[in-house]
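K.L.:
one predicted model, sequence on top.
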Amino acid sequence: MHNYISVSDSEVEIATLDQDERAFVVMEEQSVKTGPLILPGDSGNGAWKAMAAFVGLLGLGGIVRSMQNQHSGKINPPPAPLIELAQDDVGIYTGSLVTGGITDSATPEFRGTGSEPGNIITFYDDGVLIGSTLVSAEGNWSFTPEIPLTQGQHSFTATQTSSVHGKVSKLSAKFDLLIDTTPPDIPALLSVFDQVGMIQGPQDSGQPTNDARPVISGNAEPNSRLIILIDGATVGEVLVDVNGYWQWQPGERLADGQHSLTTYAIDVAGNISQTSPPFIINIDTVAPDQPAILTALDSVNGGIQDGNDVGNGGLTNDNRPVLQGRAEAGSLVYVYNAQGQAIASVTAQAGDIWSLRLPVLPEGENVLTITATDKAGNVSLVSEPYAFSVDTLRPDTPAILQALDSVAGGIQDGNDVGNGGLTNDNRPVLQGRAEAGSLVYVYNAQGQVIASVTAQAGDTWSLRLPALPEGENVLTITATDKAGNVSAVSEVFTLNVDTVEPDNPGATIGSADSGMLWNGTLTNDQSPQLSGTGEKNATVTIYQNGKMVDTLVISDTGVWNWQPEYRLFMG
């Protein structure tokens, strides 16, 4: 039999041990680190009492941790070990993990503490034994699985087995760890958004943009880090939200030219995705050269027609002329009115040319300018103005007012022949009314233009006609203004032209007393009757001794008769 003494602070206990048994004594606080001091219990309680007294005298700091009977009495198992952390040494995220953590290492190192050096730590994964290790002299232990852990959630526990009596502790507290070795999906680019200038919105890869700081967004694994690279260099990163959405905008302006945008994602465990396909951001902040309007083509009948140029400052009756000019190829040409409103647009073609038919323009002066907006949205300077006047209103209906006869005989000395009149002037002067500045066209009965003249101020016009044919001449006119608008046709004006001398009327003289008289004969009839034949409707003029005394018109039968209303003198 042996005795053991248990000393704790100032209390002393004495008990008995069986033959060949031992007692484990820790003499000081420091001895916890250096290991226990083992003392045999040999003879007499006095020695043990002396030892207890000695321990008590060590600055009152000595502690006997435990003394147990190894073969008789109740033996307690060791306490459950403590799993303190898991060490991750794989990938970009390394360091200590606490319970509930996530790691991309399938073989993390687990660390903890045990109660006694040499005790056996048995390790379990979801209740399945996966290995064991020993408590070090310092009371620590570590364990690394030999077989890589499977993907997913794991709950680890451990027990501690005494190296002396083999008693097993209860299970430790659970240590949960999520093993994630799967890289995230390749991030998806949703939009590179232009927020500058006239052309805004999502951009296609390679499409020019004048926004040197476009807003970039996309999708990636929720809660992952999204790394942004431009031309292969990392320029930023952003945290992906719980819905998998991310957005980023460069802090500095990108230089003009093409840039390759790529991204990759790093998940919470540290797994890295593949790099996304490159998206080309094409920065262009240089405005196009100043464009120009070169021509305005009139295609309406009358005036400047058949595609001829109206000209800057010109006049046209085409309220939808074709505008043509010069601008950077591929740029969008906007046409503005005098109020600065865009009224039309067209894309410039190869060779820096453009052409478009304008919408309906208002009457009067139209001052037009253009700008060119390139594919990136840069806007040129405003062009020089190009102005022309639109006049689509027909002039008032013109009129022929008179025809002046200036040939000797008949209606002469500039007197009006009159509508329907007779004249021996086959080139009378025609006069009338028409819009000032308009071009008056004279038409014959066959609708052929036989003469033209420009109406003067006061809406008057006058022209000498070309030689008209004998007989009836039915004349009409139209007035065409400077824009080319044509008036309605005037009322007809008829002239009867007769320039042919009639045949000699052939007179005979008769007397009631002596009958027919011949030229040179004598008669006692002082009022003889003259008669003859001639061109019907011609005028016969009677002369006496060279002096005109009367006129008469030959009848439709070609016969005329005349008798003096007075008695002729003797002789």
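P.N.:
Arrived safely, thanks for sending.
K.L.:
output the contacting helices and strands for whatever helix or strand V440 lives in.
P.N.:
Using DSSP states H and E, V440 maps to strand 439-443. Contacts defined by 3 or more C-beta pairs under 8 Å, 6 or more residues apart in numbering; DSSP states H and E place strand 439-443 against strand 449-454, strand 460-464, strand 471-480. Glycine gets a C-beta too; all of them are placed from N, C-alpha and C.
K.L.:
next secondary structure element downstream of the last one?
P.N.:
Per DSSP H and E, the first helix or strand lying C-terminal to strand 471-480 is strand 493-497.
K.L.:
list of residues touching that following strand?
P.N.:
400, 403, 417, 419-426, 428, 430, 468-476 (C-beta atoms under 8 Å, 6 or more residues apart in numbering).
K.L.:
for it, buried residues please.
P.N.:
F493, T494, L495, V497 (16 or more other C-beta atoms under 10 Å).
K.L.:
ok, stretch 104-119 next?
P.N.:
Result for stretch 104-119 [16+ other C-beta under 10 Å]: buried residues D104, S105, P108, F110, R111, G112, T113, G114, S115, E116, P117, N119.
K.L.:
could you do stretch 557-571 as well?
P.N.:
Neighbour-count burial for stretch 557-571 flags W560, W562 (criterion: 16+ other C-beta under 10 Å).
K.L.:
give me the mean pLDDT for that stretch.
P.N.:
For stretch 557-571, mean pLDDT is 79.
K.L.:
export only the CA atoms of that stretch, formatted as PDB.
P.N.:
What follows is stretch 557-571 as a C-alpha-only set of coordinates in PDB (Å, rounded to 0.1, in the frame of the first residue of the first chain):
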ATOM      1  CA  THR A 557     -72.100  90.200-152.700                       C
ATOM      2  CA  GLY A 558     -69.100  92.200-153.600                       C
ATOM      3  CA  VAL A 559     -71.200  95.100-155.000                       C
ATOM      4  CA  TRP A 560     -71.200  98.700-153.900                       C
ATOM      5  CA  ASN A 561     -73.300 101.700-154.800                       C
ATOM      6  CA  TRP A 562     -72.800 105.400-154.000                       C
ATOM      7  CA  GLN A 563     -74.700 108.600-154.900                       C
ATOM      8  CA  PRO A 564     -73.700 112.100-153.800                       C
ATOM      9  CA  GLU A 565     -76.000 113.700-151.300                       C
ATOM     10  CA  TYR A 566     -75.500 117.100-153.000                       C
ATOM     11  CA  ARG A 567     -75.500 118.300-156.600                       C
ATOM     12  CA  LEU A 568     -72.300 118.400-158.400                       C
ATOM     13  CA  PHE A 569     -71.100 121.600-159.900                       C
ATOM     14  CA  MET A 570     -71.200 122.200-163.600                       C
ATOM     15  CA  GLY A 571     -68.000 121.400-165.300                       C
END
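K.L.:
and the protein, what are its domain boundaries?
P.N.:
2-57, 82-179, 188-283, 292-390, 399-497, 507-562 (automatic domain parsing).
K.L.:
same list (these) but as TSV, adding distance to K74.
P.N.:
Shown next, in TSV, are the domains of the chain (distance: least, C-beta to C-beta, whole Å):
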stretch	distance to K74
domain 2-57	13
domain 82-179	11
domain 188-283	47
domain 292-390	88
domain 399-497	125
domain 507-562	169
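K.L.:
of those domains, which is nearest I75?
P.N.:
Among the domains of the chain, the nearest to I75 by C-beta to C-beta is domain 82-179 (5.5 Å).
K.L.:
distance from the chain centre to the closest one, please.
P.N.:
Remark: domain 82-179 is offset 62 Å from the chain centroid, using C-alpha atoms, centre = their mean, to the nearest Å.
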